[in-house]
Each structure stands twice: as structure tokens, then as C-alpha cells.
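K.L.:
What shape does this take:
(2 chains)
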Amino acid sequence: MTLTLGSLILATLLTSNALAILNEERFLSKVGWSYEQTRLEPNSVKAQISRLLYAFRVIMRVPLIILNILTILVLLVIG
Amino acid sequence: MEESKQPFYFPPPAKNQRQNVETAEKTTLYAYGTENSEKPPLNNNLVPSPQLQQPYATNVTQQMPFHNPNNILPQESYQVPNNGNWFSNQTAADQGTTTFDTLVNQQAIGATFARLGVQYGSNLLRAGDVGKQEVQEVTRWLRLLKYYFLVDNQYVLHKLAIVVAPWLNKTWLRRRNTDVFEAANISTAEEYLPPSEDINAPDLYIPTMLLVTYILLGSLVRGTRGEFTPEIMGSMASSCLASIVLEVLVVKLGLFLIGSKEGAWLDLIAYSGYQFVGLVFATVVGLFFHTVISPRIGNILSLFVLFYSASMMALFLMRTYRRVIHTTEVKTHGVVSGPSSKLDSRKNYFLLAVAVLQYPLFWMLRTRL
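P.N.:
Residues are numbered from 1 along each chain as shown, chains lettered A, B, ... in the order given. Predicted coordinates for the structure are as follows:
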């Protein structure tokens, strides 16, 4: 039983950080995955992913900061 | 002016009192003309009822000019059939300015209080509405949950058989609730028939029961080896829930990527929870042969059944999710017939990913005998 709820939550948090840290101008637009570039073909998987990344950056910024701080504190105290 | 009012305000007299009543009219006219400033305005409220007052009116108005010219009773006799406040306002308008002012003030205060009361009442009503809305929200959620537990014995047996052997099932369509389908604002749960009437409807009864069963079974297996500690149950529950969460997240992400709007959260949880059927099946078979024949055969058989169950679960989920994706495209009344022919490669990849995901999940959740 390697997978537990705690490790799953941690993995989700780290993945969310990884998704939210991708920069629009510095990285995504050079690869061709920016929000504006993919708007022309709105139904493709690429467009959906870039939309998801955009939503992640917009919505999850403040919650991710709070969750990261909480996780760091909890891990400092407990584990 | 007062004469025109009198027949309207005067109480309907009895026949034998007719004469007295006419005299009373005259005297009260006199009383109106003379005593203007003395009338206390709020005495109107003291009048108890018209039945009590009528003998007063006839008797006292006869004596009134002689004995007590400031008596207010004859005036009160005028407002017998009427409402107190309204009448007092009109008499006050005919009277002097001081009483008129006090009356108007009192009327205004009364009106203010009345308005306050109305506002308070409407606020109360609105607060009641808010509470009612919350109650409605809770009942809506409970009804939504209730849908997933509307099972009967036949459904449970058939569903277990379908999960273990998906080729037994001929059609994978969920039957729509045609009665409610016409109505607007129906939730997803009400759109389809409940599990007791539709074998393809997802339920949460089987996942819940089998999750608990699987945890207890795993504890039993550990107990047979003498390794049982209570923490094992917690870690097993954690792993099982994590597996459900992981699969639901993957499926939800996949549905989002292929642009499907279908797939309620509880549906996905239910579909994902059916994996415990296969896990319990494999564990029970393994445990049986482990104890009855030999541990080695039990282990091998358990792994074989685990592989078989994972494959069948993959098949079950592929069939189910293909229908889920398909319902996005075809939303019509009644039963949609025929398999979807327009599944493009993205959807096939999604189905393949969901199917392949079952093997590591089953492998991770398996109980070592």
C-alpha cells in the first residue's frame, strides 16, 4: 500500500505548483501553448490544456500560496 | 357636513327605540357643535363593542345637555359601526387644531410603527425564505445522494455480475426518466432512472459496502498471519480512498480534455468504486484456496483472479465511459440506440488510459496473502 491519501494530496499540490509556475510569456508562448495562440482552435486538446493552465494561473494563485505555506508548516512540525 | 355623515355612521336602531334615536341625533348634533376642544381623542379606543354601546347612546344623549355637556359618550355612539381610528381622524379634522395635531401625531406614530412592523415582518419572512432556501439546498443534496442508494436485491446481484463479467450486459445505456425529462431545472440524478429500475445506473451502495468489506477482509488476511494492528485498517482505507480520488481526477481531466460536459462527480466516484468488487473477489478466492488447498495455489489463483478482475473492470469502464462520452453528443428523448460511430482518436485514447490505469490501481490495492 504505497499510495495513501496524504501522499496523493502532496502529489496533487506539487503538480498544481508545477502547472501554475509555467510562465505565459517566457515559456508557453515560445512553445506555442499560450492562451492566445491556442484560441483559434478551441476544441483541440492543446487548447484545452492551455485553457486549464490559464485557469490554474488565474484562480489557483492565492490558494496555492496558502496551501504551500500550510504544507511547509505542517511538514516542519510533524514530518 | 355632519348631517350627511350621520345616516352612515349611526347604528341601525331597533324598532321600539326609534323615537329615542331621533332625539339622540339632535342632541349629538348639538354636542358636536358646542364641545369642540374638550374631546379626548383616544377615548375611541375604549369603546368595547357596539352591542354594549347602543343603550348608552340613547339614554345618555337625552340627559346630556343637562347633566354633563362634556360627555363623550354620544359622540362615541356615532362610530359604533365603524373602525375606531379612521373615525377619530375625521372627527379630529372637524375639531380644534390642538387635538388635531395630537391626533395626527399619534396617527403618524401609529403609521410609523405599522410600517416598522410591516418591515420587520417582511424581514422575518425573508429570513424565513433564506432558511427555507438552505433547507431546500440540503434536501436537494440529500435527494441527490438518495438517488445513488435506491437499490434492490436484483440490481445489486446483476450489477455485481456485470462488473465481474461485463460481456453479460447487452446494452450500456442509462435509461432516461421520461416523466421528468420535460420539466426544466432537473438535476442529473433526476434525469435518469434510479438504480432499482435501471441496471446501468451508477450507485454508491455497492462501492460503500465493498470498500468496508475489503478493508475488513484485508484485516482478516493480516490477522490470519498474526500481523494485525488497528493502524492497518486506517492505512488501507487511506489507500482505497486515494485510489478512488486518483481515478476520479484522471477521468475528470480526461473528460475535460476531450471536451465532454457529462460526468457528474458522484457518478464518477461510483464507477471508480466498483473496483472493490474485483478486489474482494480476488481476495476471497485467494483466501479460500490458500486455506483449503495450499498457500502457493492460493497466491497464484489470487493473482490470476486479480488480473482477470482488473481486465473486466477496464472493460466495464471502457463501455461505461464510451456511453458517457456518447451522451454528450446525442441528447435526445428516450433510449438512444446503437453504438457511437463517431469516437475520434482522442476519445479512444481517453478510454484506453482509463482502462490501463486499472492495472496499477489493482496491483497497488491488492492484499498479499
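K.L.:
Just want the residue of the stretch 251-369 of chain B that's nearest chain A.
P.N.:
With distances taken as C-beta to the nearest C-beta, the stretch 251-369 of chain B approaches chain A most closely at B:Leu257, which sits 5.0 Å away. Where C-beta positions appear, they are placed from N, C-alpha and C, glycine not excepted.
K.L.:
helices and strands around the one helix or strand in chain A whose mean pLDDT sits lowest, which ones?
P.N.:
In chain A, no helix or strand scores lower on mean pLDDT, DSSP states H and E than helix A:29-31, which sits at a mean of 79. For helix A:29-31, the packing partners by 3 or more C-beta pairs under 8 Å, 6 or more residues apart in numbering or on different chains; DSSP states H and E come out as none at all, with no helix or strand in contact.
K.L.:
if we can go back for a sec, run a quick neighbour tally on the residue of the stretch 251-369 of chain B closest to chain A.
P.N.:
Counted with other C-beta atoms under 10 Å in any protein chain shown, residues neighbouring B:Leu257 total 18.
K.L.:
Next up, the contacts around it.
P.N.:
Listed by C-beta atoms under 8 Å, 6 or more residues apart in numbering or on different chains, the contact set of B:Leu257 reads A:Val45, A:Gln48, A:Ile49, B:Arg346, B:Phe350.
K.L.:
Kindly list the main-chain dihedrals of the second one?
P.N.:
It stands for A:Gln48. With angles defined as degrees, to the nearest 10, A:Gln48 shows backbone torsions of phi -60, psi -40.
K.L.:
Return the per-residue confidence for it.
P.N.:
pLDDT recorded at A:Gln48 is 82.
K.L.:
which ones are touching it?
P.N.:
With contact set as C-beta under 8 Å, 6+ apart, A:Gln48 has these partners: B:Phe256, B:Leu257, B:Gly259.
K.L.:
ok, now the last one?
P.N.:
The neighbourhood of B:Phe350, defined by C-beta under 8 Å, 6+ apart, consists of B:Gly254, B:Leu255, B:Leu257, B:Ile258, B:Tyr321, B:Ile325.
K.L.:
when you check those against the helices, which ones overlap?
P.N.:
Among the contacts of B:Phe350, the members falling in helices (DSSP state H) are B:Gly254, B:Leu255, B:Leu257, B:Tyr321, B:Ile325.
K.L.:
In this structure the last one contacts B:Gly254, no?
P.N.:
No: the pair B:Ile325 and B:Gly254 does not pass the contact test of C-beta atoms under 8 Å, sitting 9.6 Å apart.
K.L.:
residues in chain B within reach of chain A, list them.
P.N.:
Residues of chain B found near chain A (C-beta under 8 Å from any C-beta of the partner chain) are B:235-236, B:238-239, B:241-243, B:245-246, B:249, B:256-259, B:346, B:364-365.
K.L.:
Narrow the residues you listed to just the buried residues.
P.N.:
In those, burial by neighbour count holds for B:236, B:238-239, B:241-243, B:245-246, B:256-259, B:346, B:365, counting by 16 or more other C-beta atoms under 10 Å in any protein chain shown.
K.L.:
could you pull out the strands for chain A?
P.N.:
Per DSSP state E, chain A carries no strands over any range.
K.L.:
pLDDT weak spots in it?
P.N.:
Under the criterion pLDDT under 70, the flagged ranges of chain A are A:1, A:42.
K.L.:
which parts of it sit against chain B?
P.N.:
Where proximity means C-beta under 8 Å from any C-beta, the interface of chain A facing chain B comprises A:1-8, A:12, A:43, A:45, A:48-49, A:52.
K.L.:
run the last query once more with 7 Å
P.N.:
Among all residues of chain A, those adjacent to chain B (criterion: C-beta under 7 Å from any C-beta of the partner chain) are A:Met1, A:Thr2, A:Leu3, A:Thr4, A:Leu5, A:Leu8, A:Asn43, A:Val45, A:Gln48, A:Ile49, A:Leu52.
K.L.:
Write a PyMOL command that selects only the buried members of those residues.
P.N.:
Buried members of the residues of chain A next to chain B, identified by 16+ other C-beta under 10 Å, are gathered into one PyMOL selection as follows:
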select buried, chain A and resi 1+3+4+5+8+45+48+49
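K.L.:
I'd like the residues of chain A next to chain B laid out as CSV, including distance to A:Asn68.
P.N.:
What follows is the residues of chain A next to chain B, written out as CSV (distance: C-beta to C-beta, whole Å):
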residue, distance to A:Asn68
A:Met1, 27
A:Thr2, 24
A:Leu3, 22
A:Thr4, 20
A:Leu5, 19
A:Leu8, 17
A:Asn43, 34
A:Val45, 29
A:Gln48, 26
A:Ile49, 23
A:Leu52, 20
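K.L.:
so which pair among the residues of chain A next to chain B is furthest apart in space?
P.N.:
Between all members of the residues of chain A next to chain B, the longest pairwise span (C-beta to C-beta) is found for A:Met1 and A:Asn43 and amounts to 40.0 Å.
K.L.:
Let me know the secondary structure of B:Ser196.
P.N.:
For B:Ser196, the reduced secondary structure class is coil; criterion used: DSSP: H, G, I helix; E, B strand; the rest coil.
K.L.:
Thanks a lot, see you next time.
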